[in-house]
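[1] 3D model of this:
(4 chains)
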2 protein chains.
Amino acid sequence: MASKSKMDGSIGAKNKQKILAAAEKAFATYGFKGTSVQQIADEAELPKTNILYYFKSKQGLYVAMLQDIMSLWNSRFDQVTEDDDPAESLADYIADKMTMSRTHPQASKIFAMEVLNGAPYLNKFFSNEHVAWMEGRVAILNSWIAQGRMTAVDPLYLLFHIWACTQHYADFSAQITSLRGKTMKRADFDEATRQLVQLILSGCGLTVPEKYAESAK
Amino acid sequence: MASKSKMDGSIGAKNKQKILAAAEKAFATYGFKGTSVQQIADEAELPKTNILYYFKSKQGLYVAMLQDIMSLWNSRFDQVTEDDDPAESLADYIADKMTMSRTHPQASKIFAMEVLNGAPYLNKFFSNEHVAWMEGRVAILNSWIAQGRMTAVDPLYLLFHIWACTQHYADFSAQITSLRGKTMKRADFDEATRQLVQLILSGCGLTVPEKYAESAK
DNA sequence: CAATTTCCTGACCACTTAGTCATTTTTTTG
DNA sequence: CAAAAAAATGACTAAGTGGTCAGGAAATTG
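    Take a look at the predicted model:
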């Protein structure tokens, strides 16, 4: 039964994970073209040939790592229904995405680079799962609007703007750090989240939930 | 008098422009590492050695092109004073930045890639002119807030969010096109601008100026 | 324990790349 | 128009790249 070609608990699975982590770090820092297989090997503390043994090619490794990353893109917002509270649902979504930018900035950067380059390896994903997800969310937002529970904004653009702002804190951290003169710590992310929740929710005619209200500053 | 080492009107100046334009296109599409000098040469319809003749190295060309691009980052918002109208000033700024994303997406993408990579060639610019610009704008926004002319948002984060949203339309155009099923035309940018102006201004407790109000849809 | 599969690796190769250099052509200038 | 400066370019090089391959070590299995 368990004698299939690939053992999940085997030594290979562990190495694959190590390689994927090393690849994520390297690709996020230097981009696809800017990263050599040797660099990934050094980062993973494995010989270069070993990388090519587990992943047939640099491109194969990149695609595997991309899939890995895309699985992080889930949040509570996926399960929201039209009966949920718009203010709380949107605020939580924004907070979730901000947390992602804080805890997984590398993944965000890789995604950004991929899309910047025309998303060659994500086009299939975009036109399948992603479009379906989008249509579902848009329907719910439109329902909230129809129920008169929020301002009549275009849901599509609203989601674009939420993504733009939240991902910005990961993707443009170099600029943000320079302008602030210091890196964004946990507390700064919390403040940024409050600011963004206030901006977006007010912009949608919603009241900011208690838990995202002004901090006890 | 005009016999300085470099003639501005000479044949060389024209070629430099041609090379810079070709470089912008190539770097925006393939990134720094992903672009070969040969590709730029082909795009500029000049022999490769000619590129290296005008710009000492690939990196030199890249830096020159970056400087070129950064000069585009000016707008009416640079001259705004605390006596100007917050709603109109901010709306115009958002509109200016959206126009940039529509008319110079390549420049935006190159800037994004540079910052994603840690902004190695922009750190000096960031910590000089850019910080000064920022401080000036923040002071004006704070003045507007002190005058009770807009909600007390943190000006720093507000500007981050304006940049994030406006640049998003250039940098993530691949994703946006996939999700919409069609590319963003002029009219779509205008609609996105109205949506964004409404979102941000409402979020700041401001009234949307007539010219950015609901289209005659 | 033998056999089979998985895992590991050094040596190597074909190819691309940025950049140099010597030389020639074109343009400018006194 | 001659001299000098600027512009152009083909041939070449040195370094780095992704990827192959053959052979061996280790683990798994009947």
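[2] who's in contact with A:S89?
    A:R76, A:F77, A:V80 (Cβ atoms under 8 Å, 6 or more residues apart in numbering or on different chains). Where C-beta positions appear, they are placed from N, C-alpha and C, glycine not excepted.
[3] let me fix that: A:K211
    So A:K211 contacts A:A91 (Cβ under 8 Å, 6+ apart).
[4] From DNA strand D, how far out is A:K124?
    20 Å (Cβ to the nearest atom of the strand, to the nearest Å).
[5] name the element that residue belongs to?
    helix A:123-125 (DSSP states H and E).
[6] now, which of the contacts of A:S89 sits nearest DNA strand C?
    Proximity of the contacts of A:S89 to DNA strand C (Cβ to the nearest atom of the strand) peaks at A:R76, which lies at 36.5 Å.
[7] Leaving out chain neighbours, which residue sits closest to the closest one?
    A:D92 (5.5 Å; Cβ to Cβ, 6 or more residues apart in numbering or on different chains).
[8] count of residues packed around the one you found?
    20 (other Cβ atoms under 10 Å in any protein chain shown).
[9] quick one: contacts for A:T166?
    For A:T166, counting by Cβ under 8 Å, 6+ apart, the contacting residues are A:I94, A:K97, A:M98, A:M100, A:S101, A:L196.
[10] and if we set it to 7 Å?
    A:I94, A:K97, A:M98, A:S101 (Cβ atoms under 7 Å, 6 or more residues apart in numbering or on different chains).
[11] mind putting those residues in TSV, distance to chain B, pLDDT and neighbour count included?
    Below are the contacts of A:T166 laid out as TSV (distance: Cβ to the nearest Cβ, whole Å; pLDDT from 0 to 100; neighbours: other Cβ atoms under 10 Å in any protein chain shown):
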residue	distance to chain B	pLDDT	neighbour count
A:I94	11	98	23
A:K97	12	98	23
A:M98	12	98	23
A:S101	11	98	23
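[12] Whichever helix or strand A:Q195 is part of close to chain B?
    Per DSSP H and E, A:Q195 falls inside helix A:186-203. Yes. Helix A:186-203 is in contact with chain B by Cβ under 7 Å from any Cβ of the partner chain, via A:A192, A:Q195, A:L196, A:Q198, A:L199, A:I200, A:S202, A:G203.
[13] One more: stretch A:126-139?
    Yes. Using Cβ under 7 Å from any Cβ, stretch A:126-139 comes into contact with chain B via A:F126, A:S127, A:H130, A:V131, A:M134.
[14] Same question for stretch A:39-56.
    No. Using Cβ under 7 Å from any Cβ, stretch A:39-56 never reaches chain B; the gap is at least 12.1 Å.
[15] what is the mean pLDDT for that stretch?
    For stretch A:39-56, mean pLDDT rounds to 95.
[16] For that stretch, measure first residue to last.
    End-to-end distance for stretch A:39-56, by Cα to Cα, to the nearest Å: 17 Å.
[17] Point me to the helix or strand that includes whichever residue of chain A sits closest to DNA strand C.
    Residue nearest to DNA strand C within chain A (Cβ to the nearest atom of the strand): A:G12, separated by 2.6 Å. Here A:G12, judged by DSSP H and E, is contained in helix A:11-34.
[18] could you point out which element follows that helix?
    Taking DSSP H and E, what comes next after helix A:11-34 is helix A:37-44.
[19] does the helix or strand following that next one come close to DNA strand D?
    Using DSSP H and E, the helix or strand that follows helix A:37-44 in sequence is helix A:48-54. Yes. Among the residues of helix A:48-54, A:K48, A:T49, A:L52 lie within reach of DNA strand D under Cβ under 7 Å from any atom of the strand.
[20] contacting residues for the first one?
    Under the criterion of Cβ under 7 Å, 6+ apart, the contact partners of A:K48 comprise A:V37, A:Q38, A:A41.
[21] can you do 10 Å?
    A:S36, A:V37, A:Q38, A:Q39, A:I40, A:A41, A:D42 (Cβ atoms under 10 Å, 6 or more residues apart in numbering or on different chains).
[22] Would you convert those into JSON lines that also reports neighbour count?
    Listed next are the contacts of A:K48 as JSON lines, based on neighbours: other Cβ atoms under 10 Å in any protein chain shown:
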{"residue": "A:S36", "neighbour count": "13"}
{"residue": "A:V37", "neighbour count": "17"}
{"residue": "A:Q38", "neighbour count": "11"}
{"residue": "A:Q39", "neighbour count": "18"}
{"residue": "A:I40", "neighbour count": "26"}
{"residue": "A:A41", "neighbour count": "19"}
{"residue": "A:D42", "neighbour count": "14"}
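[23] returning to what we had before: ok, for the residue of chain A closest to DNA strand C, nearest residue in space, not its chain neighbours?
    A:Y54 (6.7 Å).
[24] List the contacts of the one you found.
    A:G12, A:A13, A:N15, A:K16, A:K18, A:I19, A:L20, A:L46, A:G60, A:L61, A:A64.
[25] Just the buried subset of the residues you listed, please.
    Buried by 16 or more other Cβ atoms under 10 Å in any protein chain shown: A:N15, A:K16, A:I19, A:L20, A:L46, A:L61, A:A64, out of these.
[26] just these now: which is nearest DNA strand D?
    A:L61 (7.8 Å).
[27] Give the next helix or strand downstream of the host helix or strand of that closest one.
    Here A:L61, judged by DSSP H and E, is contained in helix A:58-70. Using DSSP H and E, the helix or strand that follows helix A:58-70 in sequence is helix A:86-103.
[28] Beyond that next one, next helix or strand please.
    Following helix A:86-103 toward the C-terminus (DSSP H and E): helix A:105-116.
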